[in-house]
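> Structure, please.
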Amino acid sequence: MHVQRNGIAVECLQGDIARQKDMEAVVNAANAELMMGGGVAGALHRAAGPELAEAGAPMAPIQPGEAVTTEAFNLPNDYVIHCLGPVYGRDRPEEELLRACYQNALHKAEEHHIQSIAFPSISTGAFGYPVAEAAAAAMDEVTGQAPYLTSIQMIRFVLFSNEDATAYETALAQSD
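Prediction:
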């Protein structure tokens, strides 16, 4: 699914976040230590190589909602923007912290004059955030930020499963 929001292309697709060759930046659903983990963090770290963890180490630990930027190393992108999403039921207020991830990642992208960015579904894996709720918050935040973005021309949500992609497509269709 592909739509325009305030002149910015926003799309959702099922795929591998580590294989987004046409995106300048990819977002890592990071852990606080910015180390290899499971899910998105594991996929990006495996593809980028050990330099990704080395580059993140001096910036760790990060707090829920925070975003930091590193090079992408062996990934086909220029940058990785690392965001620590909230653990559902533990980090409160969950929705505010999740929205901060997207907002702060977009701000980091703007600082680096990035034109295209790919997001995963932050906090919905091991951190337990319900996918439909996470998708609604993500789309609302991204479309709400769109009028203020000057560099970004394309925002892509890359979802691991077809079910997640459907949830994000539904949320995108309902956003305005």
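> just checking, T124 touches A134?
Yes: counting by C-beta atoms under 8 Å, T124 does reach A134; the two are 4.9 Å apart. Quick note: C-beta positions are derived from backbone N, CA and C, even for glycine.
> what comes up buried for stretch 34-45?
Going by neighbour count (16 or more other C-beta atoms under 10 Å), the buried part of stretch 34-45 is 34, 36-37, 39-41, 43-45.
> Rebuild those as CSV, extending it with pLDDT and secondary structure.
Output for the buried residues of stretch 34-45, formatted as CSV (pLDDT from 0 to 100; DSSP: H, G, I helix; E, B strand; the rest coil):
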residue, pLDDT, secondary structure
L34, 96, coil
M36, 93, coil
G37, 89, coil
G39, 91, helix
V40, 95, helix
A41, 94, helix
A43, 96, helix
L44, 97, helix
H45, 97, helix
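> ok, and for stretch 11-29, which residues are buried?
By neighbour count with 16+ other C-beta under 10 Å, stretch 11-29 contains the buried residues 11-12, 14, 17-18, 20, 23-29.
> for stretch 166-176, that is, sorry about that
By 16+ other C-beta under 10 Å, the buried positions in stretch 166-176 come out as 166-172, 175.
> before we move on, which element is E141 in?
Of the helices and strands defined by DSSP states H and E, E141 is found in helix 131-145.
> what helices or strands is that helix leaning on?
strand 8-14, helix 94-111, helix 162-174 (3 or more C-beta pairs under 8 Å, 6 or more residues apart in numbering; DSSP states H and E).
> got the angle between it and helix 162-174?
Using axes from the mean of the first three to the mean of the last three C-alpha atoms, to 10 degrees, one finds that helix 131-145 and helix 162-174 are set 40 degrees apart in direction.
> residues making contact with helix 131-145?
Helix 131-145 has contacts (C-beta atoms under 8 Å, 6 or more residues apart in numbering) with 5-6, 10, 95, 98-99, 102-103, 106, 119, 121-124, 155, 157, 163-164, 167-168, 170-172, 174-176.
> got the buried residues for that helix?
131-145.
> Counting by contacts, list what the next helix or strand after it packs against.
Sequence-wise, the next helix or strand downstream of helix 131-145 (DSSP H and E) is strand 154-159. With contacts taken as 3+ C-beta pairs under 8 Å, 6+ apart, strand 154-159 sits against strand 8-14, strand 116-119, helix 162-174.
> I'd like to know which of these is closest to P86.
Among the helices and strands packed on strand 154-159, the nearest to P86 by C-beta to C-beta is strand 116-119 (15.4 Å).
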